[in-house]
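Colleague: Turn this into a model:
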Amino acid sequence: MRIRLGCELSYAFPYPTPMIVMLNVHPSRVPALEAEDALTTVPPVPVELYRDSFGNVCGRLVAPAGNFTIGTDVVIRDGGAPDPAEPEAEQHAIEALPAESLIYLLPSRYCESDLLSNEAWRLFGHLAPGWPRVRAVCDFVHAHVTFGYEFSHRDRTAMDTYAGGRGVCRDFAHLAVAFCRALNVPTRYCTGYISFIGEPEPHAAGDFAAWMEVFLGGRWHVFDPRNNKPRIGRVMVAFGRDAADVPLTHTFGPNSLVGFRVWADEVAALAAIEEAPDALPGEVQPPQTMTTRTA
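Modeller: Take a look at the predicted model:
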């Protein structure tokens, strides 16, 4: 299938302000893009792309004073299958792990696996290692944490989420990441797009999502404690140790986020929307999952 995905973020800056953004599709999915995943800005400014230490694509720029918008809009080809599952995937002994995976066993800013170690082993230590244990972690986090945008807080850690039992998708991911690392499973935090393809309506407003990948059976596997089910049309933007490594935007000065839109829709579905009878001649209506949200 073909999926149109992208975002549009609008800001108000009191003076020229440097930014680092992570809005491009992850390099692992670039071969599936139908065109270059170019960042666009209004007004136009130069954007320099580079790779961070995790291999994610970052853009650096200086936003001018006043209103400023940055975004991307691209079509990607996807197999249309839900996230794959491999229940037989086994956990590796630590001494047998690839060296590059070891960093994902360590505590990080939002994932205090050292502080949650005793709880992790109390809750999950009796379960079979590997896929069954990771699956149990996700089931627990999904049931333990109540989702709500009103619970969003940029400083909430895995410990806070465990104690408070509420949060947004990144908090679900942070808690599950911390538990898995405490159980000696290399686990990395991921952010990107998740479509609503195949999901019953009505659909929620489009947004970026957070999930995790664990290293089992010699490769990385997707687990999503927030949705806790395989999804179609998952497209990664970046991964790291936790959200501190992969902020979608990092601004080096005061600003106001005044508009926020995210979309990930099957192109065939978009064609039906564009042909809706209430569309003006020559006007292309936006995907139904697009929304403007004031921060």
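
Colleague: Can I take it that residue 214 is in a strand?
Modeller: Yes. Assessed with DSSP: H, G, I helix; E, B strand; the rest coil, residue 214 lies in a strand.

Colleague: who touches it in this structure?
Modeller: 134, 180, 185-187, 220-221, 223 (Cβ atoms under 8 Å, 6 or more residues apart in numbering). All C-beta atoms are positioned from the backbone trio N, CA, C, and that covers glycine.

Colleague: Ok, residue 226 next?
Modeller: Residue 226 neighbours (Cβ under 8 Å, 6+ apart): 142, 147, 169, 172-173, 209-211.

Colleague: And for residue 40?
Modeller: 70-73.

Colleague: between the contacts of residue 226, which is closest to residue 88?
Modeller: Closest approach to residue 88 among those (Cβ to Cβ): residue 211, at 21.3 Å.

Colleague: what's near enough to touch the closest one?
Modeller: 169, 173, 190, 194, 222-227, 234.

Colleague: Confirm for me that residue 149 is in contact with residue 168.
Modeller: Yes. Contact criterion Cβ atoms under 8 Å: residue 149 and residue 168 qualify, at 6.3 Å.

Colleague: ok so, going back, I'd like to know which of the contacts of residue 211 is nearest to residue 119.
Modeller: Using Cβ to Cβ, those come closest to residue 119 at residue 225, 15.6 Å.

Colleague: sorry, back to before: can you put the contacts of residue 214 in TSV and add secondary structure and neighbour count?
Modeller: Converted to TSV, the contacts of residue 214 look like this (DSSP: H, G, I helix; E, B strand; the rest coil; neighbours: other Cβ atoms under 10 Å):
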residue	secondary structure	neighbour count
134	helix	26
180	helix	30
185	coil	25
186	coil	23
187	strand	29
220	strand	17
221	strand	17
223	strand	25
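
Colleague: and the residue nearest to the spatial centre of the chain, what element?
Modeller: By Cα atoms, centre = their mean, the chain has its centre lying nearest to residue 191, at 1.8 Å. Here residue 191, judged by DSSP states H and E, is contained in strand 187-194.

Colleague: cool, residue 142 as well?
Modeller: Going by DSSP H and E, residue 142 is in helix 131-144.

Colleague: For that helix, which helices and strands make contact with it?
Modeller: Secondary-structure packing of helix 131-144 (3 or more Cβ pairs under 8 Å, 6 or more residues apart in numbering; DSSP states H and E): helix 117-124, helix 169-182, strand 209-216, strand 219-223.

Colleague: chain center to the very next helix or strand once past the last one: distance?
Modeller: Toward the C-terminal end, the helix or strand that comes next after strand 219-223 (DSSP H and E) is strand 234-240. Centroid displacement of strand 234-240 relative to its chain, using Cα atoms, centre = their mean, to the nearest Å, is 6 Å.

Colleague: try stretch 223-233
Modeller: With Cα atoms, centre = their mean as the basis, stretch 223-233 stands 11 Å off its chain's centre.

Colleague: One more: stretch 39-49?
Modeller: 22 Å.

Colleague: start to end distance for it?
Modeller: Criterion Cα to Cα, to the nearest Å; first-to-last residue distance in stretch 39-49 is 10 Å.

Colleague: repeat for stretch 105-119
Modeller: 16 Å.
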